[in-house]
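structure, please.
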Amino acid sequence: MSWANSASQIMAGDDVFGSDADKVGTVAEVQQGYIVVEKGWFFPTDYYVPMSAISGVANGRVTLTVTKDAALQSGWDTVPEAGTVAPSAPVPADADHLATDRAVLEAGVAGREVAGYEVATEDELRIPVMAEELTATVRPVDAGAVRIEKDVVTEERVLEVPVTEERVRVERRVVDRPVAADASAFEELVIDVPVTREEVDVQKRARVVEEVVVGKEAVRRTEQVRGTVRHEEVLVDEDAVLLEDAGETRPR
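Here you go, the predicted structure:
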């Protein structure tokens with residue numbers, strides 16, 4: 001295929017593949033004698049692939065005569081001829097930062113964290129989003145003491161105690177009978193009749209009437225704790241632009 005035919009069929013945005021069907025990049029520009037292939041999304045690198053290295057163009061797909069690895073190692077990352085490309089775009093204020101990140105990516109250190117994010121692949125960045133979580137621990141502290149005292153209290157009690165006492169009962173009866181021959185008549189007589197009674201003696205004795213059992217047990221309850229935590233949010237600005245060739249802006 002001639003260079004003229006190839007150039008007429010290639011459009012910006014076409015995908016470029018090596019002979020091994022691995023994607024090399026995307027066509028950014030079509031120049032006389034070569035195409036500018038942009039590789040990488042976040043830190044793009046331009047490769048200037050000569051038309052002679054193109055084996056076919058069809059349906060937005062450009063196929064090279066060499067494999068992807070061979071294309072990337074063929075020294076096509078420099079402008080083949082001076083003045084054949086558009087002027088360089090103005091250097092953004094964070095050019096040093098972008099250059100460092102691009103150097104890291106091109107050095108093949110995917111997976112390392114750079115400037116707060118991780119370069120996973122040339123087309124993928126992993127931005128960690130962090131959040132604080134609230135945790136709680138418990139520790140024993142002195143909560144005081146419970147004092148138990150035993151006092152002696154005096155009180156008066158009344159007991160109802162039944163007692164017995166003897167009394168003399170005198171009963172007079174009317175009788176009419178003769179006096180016996182041997183009876184002592186008309187003599188003075190004194191008879192003492194003994195009587196008894198019960199008196200109450202009070203004794204005291206100590207008895208165990210109650211037991212107070214003192215023990216400790218752990219009681220669980222729920223206590224609310226409050227704290228302020230922080231978290232990160234990722235905001236995607238779809239209107240953000242990057243400086244491109246000749247100062248032209250283009251949404252990314």
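
how near is the most centrally placed residue in the chain to Ile127?
When CA atoms, centre = their mean is applied to the chain, the residue found nearest the centroid is Glu133 (4.6 Å). Using CB to CB, to the nearest Å, Glu133 is found at 19 Å from Ile127. All C-beta spots, glycine's among them, are computed from the backbone N, C-alpha and C.

please apply the same query to Asp176.
Asp176 is 143 Å from Ile127, by CB to CB.

the two: which has the busier surroundings?
Looking at Asp176 and Ile127 with other CB atoms under 10 Å, you find the greater number of neighbours at Ile127, namely 9 against 4.

correct me if wrong: that one contacts Val236.
No: counting by CB atoms under 8 Å, Ile127 stays clear of Val236, with 10.4 Å between them.

look up how far Val234 lies from the closest residue to His231 other than its chain neighbours.
Of all residues not flanking His231 in the chain, Ala131 sits nearest, at 3.4 Å (CB to CB, 6 or more residues apart in numbering). Going from Ala131 to Val234 by CB to CB gives 12 Å.

burial count for Val179?
Using other CB under 10 Å, the number of residues around Val179 comes to 8.

next: Thr63.
Using other CB under 10 Å, Thr63 has 17 other residues around it.

and what of Phe17?
Neighbours of Phe17 using other CB under 10 Å come to 20.

residues in contact with it?
The neighbours of Phe17, taking CB atoms under 8 Å, 6 or more residues apart in numbering as the test, are Lys23, Val24, Arg61, Val62, Thr63, Leu64, Lys68.

roughly how far apart are it and Thr164?
Distance of Phe17 to Thr164, given as CB to CB: 132 Å.

likewise Glu217?
From Glu217 to Thr164 the distance is 57 Å (CB to CB).

so between these two, which is more surrounded?
A direct count of neighbours by other CB under 10 Å for Glu217 and Thr164 places Thr164 higher, at 7 against 4.
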